[in-house]
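Peer 1: Model the following, please.
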Amino acid sequence: MSSAREEQHKGTSGSWGNCDSGSIFPITRSPLWDAALTTVRSRAASPPVSVLCIFIGGVAYIAWYKKTVLDKIERAFSADRSRKSSTGEADDGPWTEHLRRKEQDLIDNIVKGQTRGRYYFLVGPKGGGKSTLILDAMRAIEADGVAFLDAHPDLEVFRLRLGKALDYEFNEDSQTGLFQRRDPREANSDIALNKLEKVALRCARRTGRPLVLVFNNVQHFNNDDDGRNMLLQLQQRAEAWAAGGIVTVVFTSDDFWPYLLMHQVLSIRDLAYTQARRALTHMYLSRQKHQAHEDVIEQTVSILGGRVAYLSKISRADDMLKSAKELLQWEKAWLLSQIGLIPDCDDDVMDEQKWSSCSWLLLKEFVKLYQERESECKVAGQSWDHTDMPSIPYWRCRQIMTRPDFLEDLDRANIISVDVNLDVRPDSMLILLAAREVVEEKGFDDVLNNVRDRVDEIESLHRTRELTFKDLSPGDILRLEIKKNR
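Peer 2: The predicted structure follows:
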């Protein structure tokens, strides 16, 4: 029986490692390392040595983990990873190779790291081409040294997006949590920005150019204390990094309100009429493989204006003019669903109709300026840019609407846009033409006046107080006396 146990023990020992050398560690083939590991194993049985081994192992793990985190963030700015996550090619390739906008040179220099010492805030209407300018510049350098992410109203979602863009997991993959309670600060976006700053310092020393971090659509942050505080935190970081020349931060926004926290602002507007025609021609040619008729191009651009997103969408249609007219009717229906007038409205919708009536006062003024410009050019026999939308100073819009707080709501709804010079325009040519169709309908002025009068009546009723007297008999005399102190 004892000999059987010995044979079994020998067979087990032989299966662990090298039978010839007598090692019990299959990890290494070196007799020297086998002897060292055997010594450590034999001495680790004593408590002091065990604690020391755990301490040394923990320190080594933490040092390795911190270095790995910084290396992962640095790899997030490498060409391969940034290109896969941010600059995927469109199915039919970029049309912008045929049309270079005047802002593209500046954006290229920013993304390449040749312009430093400043951060940038790009503001313009939705679909105006802000993201396209940045993505084209990233494609040119294969997104080397650039990270791109979108803002979100939920700050927890934004934190996760920031971690994904930087390849930072907020210590959630660390094994040190097995022995300690997790620090709540580890899930803060500021921790990720601190890690990025360390990486940017060593990258700037090695490459001599700053990293580029793009926050797209920052208007999605809520315009409340939390949203403004997050935007202020990013702006302060951007200013400090720009002063150090280690990171260039680029913000983009469709709305005006984030502009109040920014300093270096670049306004992105729609394409001019000539540029829009050339762009639509190249888009249609690259996608439909044949030339479009010049009259169709001209009429389509007259409806859509120079909005890059609309031109790109319409260029995929076989009948561009028909699709443009359908898009205009859809825009008109959407506009009426947002600020449609309700004659003889009930007091429950008074606030909505007050906003609608004030909005139409402003849109009516835009239509009036557009019509006057059109009449002047026809009388003078001059050609004019159909896509040149009228603008009104911000202070004048406050007077027209009589409710300046409604301007921000219209900007957020993409009905108007405000540029860096505080000039207000319709958000797009489609909005202007849709508003023109509504304003030129028979009886529009009567409906608008009816709604405004109805709002005044309801407000007057709300300001009126009714006094009720009980227990009065026929023949009783009620005397009401009002005395005013002068």
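Peer 1: When you work out contacts or count neighbours from here on, use the C-alpha atoms and nothing else.
Peer 2: Will do.
Peer 1: could you pull out the strands for this structure?
Peer 2: 120-123, 146-150, 211-216, 247-253, 265-267, 392-393, 416-418, 423-426 (DSSP state E).
Peer 1: Ser315: which of those strands is closest?
Peer 2: For Ser315, the closest of the strands of the chain is strand 423-426, at 23.2 Å, according to Cα to Cα.
Peer 1: Can you mark which positions in the closest one are buried?
Peer 2: Asp423, Val424, Arg425, Pro426 (16 or more other Cα atoms under 10 Å).
Peer 1: Pick the most buried one from the strands of the chain.
Peer 2: Among the strands of the chain, strand 247-253 has the highest mean neighbour count (mean count of other Cα atoms under 10 Å), at a mean of 27.
Peer 1: how close does the closest residue to Asn109 other than its chain neighbours get to Asp71?
Peer 2: Computed as Cα to Cα, 6 or more residues apart in numbering, the closest residue to Asn109 that is not its neighbour in sequence is Thr115, at 5.6 Å. Separation of Thr115 from Asp71 (Cα to Cα, to the nearest Å): 25 Å.
Peer 1: Same question for Asp427.
Peer 2: Counting by Cα to Cα - Asp427 and Asp71 are separated by 44 Å.
Peer 1: so where is the stretch 101-250 of the chain shaky, pLDDT-wise?
Peer 2: Applying pLDDT under 70 to the stretch 101-250 of the chain picks out residues 171-187.
Peer 1: mind listing what Lys195 touches?
Peer 2: The contact partners of Lys195, taken as Cα atoms under 8 Å, 6 or more residues apart in numbering, are Leu70, Ile73.
Peer 1: Correction: the previous question concerned Val439.
Peer 2: By Cα under 8 Å, 6+ apart, the residues touching Val439 are Lys364, Val367, Asp445.
Peer 1: Just the buried positions in stretch 322-334, please.
Peer 2: Ser323, Ala324, Lys325, Leu327, Leu328, Gln329, Glu331, Lys332.
Peer 1: So which of the residues you listed is the closest to Arg228?
Peer 2: Closest approach to Arg228 among the buried residues of stretch 322-334 (Cα to Cα): Glu331, at 31.1 Å.
Peer 1: Count the residues that sit near Asn223.
Peer 2: Neighbours of Asn223 under the rule other Cα atoms under 10 Å: 14.
Peer 1: How about Met401?
Peer 2: Met401, neighbours per other Cα under 10 Å, totals 20.
Peer 1: Am I right that it is in contact with Lys354?
Peer 2: No. Counting by Cα atoms under 8 Å, Lys354 is not a contact partner of Met401; they are 10.0 Å apart.
Peer 1: Can you dump the C-alpha atoms of stretch 317-332 in CSV for me?
Peer 2: As requested, the backbone C-alpha atoms of stretch 317-332 are provided in CSV (Å, rounded to 0.1, in the frame of the first residue of the first chain):
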residue,chain,number,x,y,z
ALA,A,317,-32.4,61.7,-54.7
ASP,A,318,-33.1,61.0,-58.3
ASP,A,319,-35.4,64.1,-58.6
MET,A,320,-33.6,66.7,-56.5
LEU,A,321,-36.1,69.5,-57.1
LYS,A,322,-39.1,67.4,-56.1
SER,A,323,-37.3,66.2,-53.0
ALA,A,324,-36.4,69.8,-52.1
LYS,A,325,-40.0,70.9,-52.4
GLU,A,326,-41.2,67.9,-50.2
LEU,A,327,-38.5,68.9,-47.6
LEU,A,328,-39.9,72.4,-47.6
GLN,A,329,-43.4,71.2,-47.0
TRP,A,330,-42.2,69.0,-44.2
GLU,A,331,-40.3,71.9,-42.7
LYS,A,332,-43.5,74.0,-42.8
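Peer 1: which residues sit against that stretch?
Peer 2: 288, 296-297, 299-300, 303-304, 314, 430-431, 433-435.
Peer 1: so what's Arg277 up against?
Peer 2: Contacts of Arg277 (Cα under 8 Å, 6+ apart): Ile297, Glu298, Val301.
Peer 1: Helices along the stretch 51-200 of the chain, start to end?
Peer 2: 79-86, 104-111, 130-140, 155-166, 189-207 (DSSP state H, counting those that start in this stretch).
Peer 1: same check, this time on the stretch 251-400 of the chain
Peer 2: In the stretch 251-400 of the chain, the segments counted as helices under DSSP H, counting those that start in this stretch are 273-288, 294-304, 308-314, 320-339, 350-380, 394-401.
Peer 1: Nearest to Phe170, out of the ones you listed?
Peer 2: helix 308-314 (36.2 Å).
Peer 1: For that closest one, give the mean pLDDT please.
Peer 2: For helix 308-314, mean pLDDT is 90.
Peer 1: same deal with stretch 368-382?
Peer 2: The average pLDDT for stretch 368-382 rounds to 89.
Peer 1: Which residue is the nearest non-sequential neighbour of Asp108?
Peer 2: Of all residues not flanking Asp108 in the chain, Ala137 sits nearest, at 5.0 Å (Cα to Cα, 6+ apart).
Peer 1: if I pick that neighbour, what's in contact with it?
Peer 2: Applying Cα under 8 Å, 6+ apart, the residues contacting Ala137 are Gln104, Ile107, Asp108, Val111, Lys112.
Peer 1: Ok, Ala79 next?
Peer 2: Ile141, Glu142, Ala143, Asp144, Gly145.
Peer 1: again with Met401
Peer 2: So Met401 contacts Cys358, Ser359, Leu361, Leu362 (Cα under 8 Å, 6+ apart).
Peer 1: now do Ala292
Peer 2: Contacts of Ala292 by Cα under 8 Å, 6+ apart are Thr281, Tyr284, Leu285.
Peer 1: so which of the residues you listed is the most crowded?
Peer 2: Tyr284 (23 neighbours).
Peer 1: My read is that it contacts Ser315, right?
Peer 2: Yes. Under the criterion of Cα under 8 Å, Tyr284 makes contact with Ser315 at 4.8 Å.
Peer 1: For the spatially most central residue of the chain, which non-adjacent residue is closest in space?
Peer 2: With distances taken as Cα atoms, centre = their mean, Asn217 lies nearest the centre of the chain, 1.6 Å away. Excluding the flanking residues, the one nearest Asn217 by Cα to Cα, 6+ apart is Ser253, at 4.7 Å.
Peer 1: what's the pLDDT at the one you found?
Peer 2: Reported pLDDT for Ser253: 93.
Peer 1: Residues in a beta bridge with it, which ones?
Peer 2: On the basis of DSSP bridges, Ser253 is bridged to Val123.
Peer 1: distance of Leu70 from Ala165?
Peer 2: Distance, Leu70 to Ala165, using Cα to Cα: 14 Å.
Peer 1: Same drill for those two, tell me which one is more crowded.
Peer 2: Ala165 (23 against 20).
Peer 1: count of neighbours near Thr468?
Peer 2: Thr468: 5 neighbours (other Cα under 10 Å).
Peer 1: and it, backbone torsions?
Peer 2: Dihedral angles of Thr468 (phi, psi; degrees, to the nearest 10) stand at phi -120, psi 130.
Peer 1: Thr115 and Asp71: who's more crowded?
Peer 2: Taking neighbours as other Cα under 10 Å, Thr115 and Asp71 compare with Thr115 leading, 18 against 13.
Peer 1: Quick check: that one vs Asp105, distance?
Peer 2: Distance, Thr115 to Asp105, using Cα to Cα: 11 Å.
Peer 1: next one: Met429
Peer 2: When Met429 is compared with Asp105 (using Cα to Cα), they lie 27 Å apart.
Peer 1: same deal with Tyr284?
Peer 2: 25 Å.
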